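> got a predicted structure here, sequence first:
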Amino acid sequence: MTFPDKAPVVGIPISVTSYDEVLDALSNRPEDRATIVAVCNVHSVMSARRETALAEAIGAAEIATPDGVPIVWGLRALVRRDQERVYGPELMRRAMVESDRLGWAHYLYGSTPETLQQLQEAIAEIAPEANIVGSFSPPFRPMDEAETDESLEAIRNSGADVVWVGLGMPKQELWMDSIREDLPGVAMLGVGAAFDFLAGTKKQAPAWMQKAGLEWLFRLIQEPRRLWRRYVWNNPAYAVLLLMQVMRSKLRRPSS
């Protein structure tokens with residue numbers, strides 16, 4: 001199986017891909033190993049620049065989608081002018097809606113028991129044919145080896161083709177990378193806040209704010225105490241680094 005090509009955006013490899021390409025790639029995934037999809041926004045790529053383990057996990061993922069609009073802008077400026085956003089919540093929604101075509105059995109891993117319940121109810125409404133074969137809400141503390149083995153055995157016994165992971169960044173990327181050898185043939189997608197958005201426990205930014213790359217502002221207004229440090233540093237630093245990368249790229253191009 002050939003996965004979509006990647007291009008570095010501020011030093012982190014991002015897949016040049018689309019919703020359909022991701023779903024098709026996962027439909028033809030290898031059976032001898034797990035296939036990992038990381039969804040990448042400014043927070044994740046800037047964190048990966050500072051954290052070696054996270055950078056390695058994202059780099060090792062078969063697909064790293066341009067989840068954040070500023071990441072999409074980066075790919076458009078550098079490699080593909082018509083690059084679209086591949087947004088975690090929408091990717092999950094499409095996979096559920098297309099259950100008849102894809103034939104996947106889905107497992108939900110992460111969040112709280114209450115959110116998982118609401119998420120399954122929401123999926124039942126938007127995609128009645130979606131086959132949810134199990135779910136698990138891990139404790140907030142680190143699990144010991146026996147607990148980890150038990151949770152992985154539950155996934156294997158469920159017959160899941162796809163595991164949707166909602167642990168938040170970077171925990172979900174590191175977890176998927178650490179257990180990839182234990183789930184051969186399974187696709188794992190770290191979709192973060194998609195669980196909350198689809199379940200309705202958190203509000204999504206209006207479409208116009210998403211398109212304008214202002215989703216961060218909407219989330220900051222919703223959770224200022226938790227998120228202000230992230231955005232005050234990451235967004236300006238990303239903009240400067242991307243501008244420098246684009247300028248270097250243009251200088252290297254031969255003049256016509």
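Great, that's in hand. Residues are numbered from 1 along each chain as shown.
> on the pLDDT front, check S99 for me.
According to the prediction, S99 has pLDDT 88.
> how much space between it and Y109?
As defined by C-beta to C-beta, to the nearest Å, S99 lies at a distance of 18 Å from Y109. Yep, even glycine has a C-beta here, placed from its N, CA and C like the rest.
> same question, S137
As for S137, its distance to Y109 is 8 Å (criterion: C-beta to C-beta).
> tell me if I'm right that Q172 and S111 touch.
No. With the criterion set as C-beta atoms under 8 Å, Q172 and S111 do not qualify as a contacting pair; they are 10.7 Å apart.
> contacts for stretch 105-112, please.
Applying C-beta atoms under 8 Å, 6 or more residues apart in numbering, the external contacts of stretch 105-112 come out as 95-96, 116, 119-120, 130-138, 151, 155, 158-168, 172, 195-196, 199.
> would you indicate which residues of it are buried?
A105, H106, Y107, L108, Y109, G110, S111 (16 or more other C-beta atoms under 10 Å).
> repeat for stretch 234-253
For stretch 234-253, the buried set under the neighbour-count rule, 16+ other C-beta under 10 Å, comprises N234, N235, Y238, L241, L242, Q245.
> in contact with L183, which residues?
With contacts defined as C-beta under 8 Å, 6+ apart, the neighbours of L183 are A34, L152, I155, R156, V163.
> drop anything exposed from these.
Burial of the contacts of L183 was assessed by neighbour count (16+ other C-beta under 10 Å); the buried members are A34, I155, V163.
> separation between the first one and E56?
From A34 across to E56, the span is 16 Å (C-beta to C-beta).
> likewise for the second one?
For I155, the distance to E56 equals 23 Å [C-beta to C-beta].
> the helices in the stretch 151-256 of the chain, which residues?
For the stretch 151-256 of the chain, the helices defined by DSSP state H, counting those that start in this stretch cover 171-178, 194-199, 207-211, 215-222, 224-252.
> oops, could you answer that again for the stretch 1-150 of the chain instead?
19-27, 42-50, 52-60, 69-78, 88-97, 99-102, 113-126, 145-158.
> what packs against the fifth one?
Pointing back at helix 88-97 there. Under the contact definition 3 or more C-beta pairs under 8 Å, 6 or more residues apart in numbering; DSSP states H and E, helix 88-97 sits against helix 19-27, helix 113-126, strand 187-190, helix 194-199.
> among these, which is the most enclosed?
strand 187-190 (a mean of 28; mean count of other C-beta atoms under 10 Å).
> ok, and what's touching that one?
Contacts for strand 187-190 (C-beta under 8 Å, 6+ apart): 26, 29, 34-39, 88, 91-92, 161-167, 169, 172-173, 176, 180.
> buried only: go through these for me.
In the contacts of strand 187-190, the ones that pass as buried (16+ other C-beta under 10 Å) are 26, 29, 34-39, 88, 91-92, 161-167, 169, 172-173, 176, 180.
> who touches both of Q172 and S111?
With contacts taken as C-beta under 8 Å, 6+ apart, the residues that reach both Q172 and S111 are G166.
> surely E56 touches L174?
No. Using C-beta under 8 Å, E56 is not in contact with L174, being 9.4 Å away.
> next up, the contacts around F136.
Taking C-beta under 8 Å, 6+ apart as the criterion, F136 is in contact with Y107, L108, Y109, G110, S151, A154, I155.
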